[in-house]
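Novice: output the structure for:
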Amino acid sequence: MTGEANLTPVFVRLKLSLLRNGLRQSGGRRAAYVVSAVVVVLFGALQLLGLIALHGNRHALSVVVLLMAVLALGWAVMPLFFPSGDETLDPTRLVMLPLRPRPLVRALLAASLVGIGPLFTLLLLAGSVIAVAHGGAAYAVGVLAVVLGLLVCVALARAVAAANIRLLTSRKGRDLAVLSGLVIAIGAQLVNFGAQHLGSSGLSQLDPVADVLKWVPPASAVGAVDSVSNGSYGIAALQLALSIAALTLLLAVWSRHLTRLMTSPDGSTLQAAEPAARERSTGGLARLLPSGRTGTVMERSLRYIWRDPKTKAAWVTSLAIGLIVPVFNALQGTGSIYFACFAAGMLGIQMYNQFGQDTSAFWMVATTISSTHDAYVELRGRALALLVITLPYATLVTVLTTAMLGDWPRLPEVLGLSFALLGAMLATGAWTSARFPYSIPQEGYKNVAPGQAGLAWISIFGGMVSAALLSAPVIVATIWANVAKDGDRWGWLLLPVGAAYGAGITLAGLRLAAPRTAARLPEILTAVSKG
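Specialist: Predicted structure coming up:
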């Protein structure tokens, strides 16, 4: 029993040691942590002041319970998208120690309370309690509500992490972190849209949602403070009981997963089986692609998109931004149907620096190119792999934006313009891939090797300007269809014209890029191998 009693302070000291030793690794990491801590504390303090200012507002409860629900959601998804943010999230590192689940849960729960995240949560909980508390009894219950709310959030994060630790420590789990940018981007837009909607309609719109959320832990703990302020002690007791029950359930689930992790086979056996499983899951891809070199190149490019973390991150970002810009502008009532072309533009960027994603392995591709025709087939296969994704996605975004704006007569011309722009970007992307290749480092967060930033800027922005100029004929035709007296009668022709123009300009760009690619294979290999 003495060993169990001393386990909690040991784990707290271990957490502090991990944090201290991590900061000693480099000055940059130390500076980044200090800056992030200052920013988080300042933001939390501002939120605390804002919540205190809500004291006495009749819609204060609606705001704070919604805030608590969002906060709990953040704690739940944080381990999935940032598995490396806390080294103590992986309990499998403790399997060789003679530890029992119950004291281990207590120790890890106490260690989880050390950090910037719990401090930020504590500030929000304190502000929420102050916003709705009236009277000494309410403040007394508020202290319990703050403790319960914080413990529920931390236990929720730990239970989710323990349940998914096999996934989070695998390659697929690391790839899952790539989606964090998508979640942040969409979340920011949702917050912005919600703030604008509330600004125009008032906080009363939150009341129906708050009536439900005040019974959902950990928001129910804050709801109990409001109930006590109104003299409803029975309802307050029930709301506190819900939070206590949620905490007990989360701790039980966490303990069960810990027991399973501490007694099951280690991850090396599971990881050894992953390659065979991956081959089985992707074995049918080749059957859907053309035969010969074209199909082989397409399959390799699609596998890069699915497996390579940097390539996947670039695609996820392009897919997200290509959808967010037109759709959220349409939701806010400030959009235009032509914003749908943004999807084609963002996806077309993926054609730039095609050989950079190969890194030093490009030598294997170079050995298979002995003529201009081989280079042409290589570039064509890569372009077709992109079109497999970009064509249906750009079409989907265009149709979705059109449906939201109700501007169906302009759908053909916008689709034609998107296809023309996509074709122009594929053409310029093929040429710049051969003329301005650069390396993409596999480690770290940089997407350009040191000393090659100029090449990247020239490749991407120069290519985008060139693509816009190449699309000028279709752009001019679109403008004419909108300003001419009888232009609406001919607007539908822009769909086949734009599609044909995009296909033609893509083929022309591939033909022009093929000789340069075949002639510059050594230079390309040198450029893409620097990372």
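Novice: CA atoms of stretch 135-153 as PDB?
Specialist: Provided in PDB are the C-alpha atoms of stretch 135-153 (Å, rounded to 0.1, in the frame of the first residue of the first chain):
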ATOM      1  CA  GLY A 135     -24.700  33.600  -3.600                       C
ATOM      2  CA  GLY A 136     -22.400  31.800  -1.300                       C
ATOM      3  CA  ALA A 137     -23.900  28.400  -1.900                       C
ATOM      4  CA  ALA A 138     -23.500  28.700  -5.600                       C
ATOM      5  CA  TYR A 139     -19.800  29.600  -5.300                       C
ATOM      6  CA  ALA A 140     -19.300  26.700  -2.900                       C
ATOM      7  CA  VAL A 141     -20.800  24.300  -5.500                       C
ATOM      8  CA  GLY A 142     -18.700  26.200  -8.100                       C
ATOM      9  CA  VAL A 143     -15.500  25.000  -6.500                       C
ATOM     10  CA  LEU A 144     -16.700  21.400  -6.800                       C
ATOM     11  CA  ALA A 145     -17.900  22.100 -10.400                       C
ATOM     12  CA  VAL A 146     -14.400  23.400 -11.400                       C
ATOM     13  CA  VAL A 147     -12.700  20.300 -10.000                       C
ATOM     14  CA  LEU A 148     -15.200  17.900 -11.600                       C
ATOM     15  CA  GLY A 149     -15.100  19.600 -14.900                       C
ATOM     16  CA  LEU A 150     -11.300  19.600 -15.100                       C
ATOM     17  CA  LEU A 151     -11.100  15.900 -14.000                       C
ATOM     18  CA  VAL A 152     -13.800  14.900 -16.600                       C
ATOM     19  CA  CYS A 153     -11.900  16.600 -19.400                       C
END
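Novice: which residues does it contact?
Specialist: For stretch 135-153, the external contacting residues (Cβ atoms under 8 Å, 6 or more residues apart in numbering) are 68, 71-72, 75, 109, 113, 118, 121-122, 125-126, 129-130, 132-133, 217-218, 221-222, 224-226, 228-229, 236, 240, 243-244, 246-247, 250. Where C-beta positions appear, they are placed from N, C-alpha and C, glycine not excepted.
Novice: so which bits of it are buried?
Specialist: 138-139, 141-142, 144-146, 148-153 (16 or more other Cβ atoms under 10 Å).
Novice: ditto for stretch 297-314
Specialist: The neighbour-count check on stretch 297-314 (16+ other Cβ under 10 Å) flags 297-302, 304-305, 308, 310-314 as buried.
Novice: quick one: distance of stretch 392-402 to the chain centre.
Specialist: Centre-to-centre, stretch 392-402 and its host chain are 21 Å apart (Cα atoms, centre = their mean, to the nearest Å).
Novice: give me the contacts around it.
Specialist: Defining contact as Cβ under 8 Å, 6+ apart, one finds that stretch 392-402 is touched by 319, 322-323, 326-327, 330, 335, 337, 339-341, 343-344, 347, 408, 410-411, 414-415, 418-419, 422.
Novice: what do you get if the cut-off is 7 Å, keeping everything else the same?
Specialist: With Cβ atoms under 7 Å, 6 or more residues apart in numbering as the test, stretch 392-402 has contacts from 319, 322-323, 326-327, 330, 337, 339-340, 343-344, 347, 408, 411, 414-415, 418, 422.
Novice: sitting in strands, which of the residues you listed do you find?
Specialist: Among those, the subset assigned to strands under DSSP state E is empty.
Novice: just the buried residues from those, in ChimeraX please.
Specialist: Filtering these down to the buried ones (16+ other Cβ under 10 Å) takes a single ChimeraX command:
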select :319,322,323,326,327,330,337,339,340,343,344,347,411,414,415,418,422
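Novice: quick one, what contacts R293?
Specialist: V377, G381.
Novice: before we move on, which element is it in?
Specialist: Element membership for R293, per DSSP states H and E: helix 292-307.
Novice: and that helix, C-alpha only, in PDB?
Specialist: Taking C-alpha atoms only, helix 292-307 is exported to PDB below (Å, rounded to 0.1, in the frame of the first residue of the first chain):
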ATOM      1  CA  GLY A 292       1.600  -0.700 -69.100                       C
ATOM      2  CA  ARG A 293       3.800   2.100 -67.800                       C
ATOM      3  CA  THR A 294       0.900   4.600 -67.500                       C
ATOM      4  CA  GLY A 295      -0.900   2.400 -65.000                       C
ATOM      5  CA  THR A 296       2.300   1.800 -63.000                       C
ATOM      6  CA  VAL A 297       3.000   5.500 -62.800                       C
ATOM      7  CA  MET A 298      -0.500   6.200 -61.700                       C
ATOM      8  CA  GLU A 299      -0.500   3.500 -59.000                       C
ATOM      9  CA  ARG A 300       2.900   4.800 -57.700                       C
ATOM     10  CA  SER A 301       1.600   8.400 -57.600                       C
ATOM     11  CA  LEU A 302      -1.700   7.400 -55.800                       C
ATOM     12  CA  ARG A 303       0.300   5.400 -53.200                       C
ATOM     13  CA  TYR A 304       2.500   8.400 -52.600                       C
ATOM     14  CA  ILE A 305      -0.700  10.400 -51.900                       C
ATOM     15  CA  TRP A 306      -2.000   7.800 -49.500                       C
ATOM     16  CA  ARG A 307       1.300   6.800 -47.700                       C
END
